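Trainee: sequence unknown, structure follows:
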Ligand code: CO8
């Protein structure tokens, strides 16, 4: 049982490595995920790819066997802990991509929802089945899913616990793309679409879009104006605009 981290071609690759329990998220694993986030953030990686070990699952959710017989405060702290770990993703300083190679249920789907992007294999199955356990999502699902796919569809998924397949997930905008073959290769291919741009601008774009979900249009436009102004202050912006005028390829330096 571990969370592994390796680096390849500019990517930090985090693997939930507990295939015997379909990579279920014990509280210890949540702690390990947070430590891996620290290491990825301190590295020179330009994207974080997240995958599950084994053939069957990305992650089957919170470790159900750990959730029983805990008092009220422990349950609340458990939800807040998981939420706080996943909430770190948008401010890691690099985009993140969930590679959904099989089941992504409950907390596993909630981890994927907190990533910048999601790719899935054709056979992937996704859902928030907590209602079947007498529960509701606790790691951000009730908040991020409606922002991503709309309230009616999110309520249907949450209140019926229905499992959806990859093609439906693609159709409703829950995943960005389907892939086949090696997940890391697929993640790297997808990341090639943005990995060469400056990390500050990528981060500002991500922050502006994420924060839109927390606020009014008026305030959101102010956030956009502020972050756009901040982007102008970077050396990368100067380089990007100079390169346009000089008809050459820009060389961004993340500064
Ligand atoms: N937790 C613990 N163990 C799990 C989990 C899980 N979520 N999912 C699977 N496992 C274990 C099984 O117990 C089994 O172990 P064992 O061999 O020791 O019995 C092993 O993984 C393989 O699982 P299955 O034999 O069930 O494999 P199948 O291919 O038959 O079925 C499924 C796969 C459909 C994914 C099935 O395992 C399943 O339904 N799993 C549970 C999915 C689920 O309900 N997830 C939501 C969990 S709740 C949640 O995420 C709430 C988050 C917020 C909590 C906040 C509070 C702190």
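Mentor: Arrived safely, thanks for sending. Everything numeric in this text was worked out from a predicted model, so none of it was measured.
Trainee: Now residue 16: closest residue in space that isn't a chain neighbour?
Mentor: Counting by CB to CB, 6 or more residues apart in numbering, residue 16 lies nearest to residue 23, which is 4.0 Å off, once chain neighbours are set aside. Any C-beta I mention is one placed from the backbone N, CA and C, and that applies to glycine too.
Trainee: May I have the phi/psi pair for the one you found?
Mentor: phi 60, psi 30 (degrees, to the nearest 10).
Trainee: so it makes contact with residue 108?
Mentor: Yes. Taking contacts as CB atoms under 8 Å, residue 23 lies within contact range of residue 108: 7.0 Å.
Trainee: what do the two both touch?
Mentor: Overlap between the contact sets of residue 23 and residue 108, as judged by CB atoms under 8 Å, 6 or more residues apart in numbering, is given by 52, 57, 58, 59, 60.
Trainee: Can you tell me which of those residues is nearest residue 244?
Mentor: Proximity of these to residue 244 was ranked by CB to CB; the top entry is residue 58 with 39.7 Å.
Trainee: and the closest one, that one's in a strand?
Mentor: Yes. When the secondary structure is assigned by DSSP: H, G, I helix; E, B strand; the rest coil, residue 58 falls within a strand.
Trainee: residue contacts, it?
Mentor: By CB under 8 Å, 6+ apart, residue 58 lies in contact with 16, 23, 51-52, 98-104, 108, 112, 124.
Trainee: Helices along the stretch 151-255 of the chain, start to end?
Mentor: Ranges of helices within the stretch 151-255 of the chain are 151-160, 166-171, 183-191, 199-212, 217-232, 235-245, based on DSSP state H, counting those that start in this stretch.
Trainee: Tell me which of the ones you listed lies nearest to residue 254.
Mentor: Nearest to residue 254, of the helices of the stretch 151-255 of the chain and by CB to CB, is helix 199-212 at 4.4 Å.
Trainee: contact partners of that closest one?
Mentor: For helix 199-212, the surrounding residues in contact (CB under 8 Å, 6+ apart) are 46, 90-91, 93-95, 116, 194, 220, 223-224, 227-228, 230-231, 234, 236-237, 254-255.
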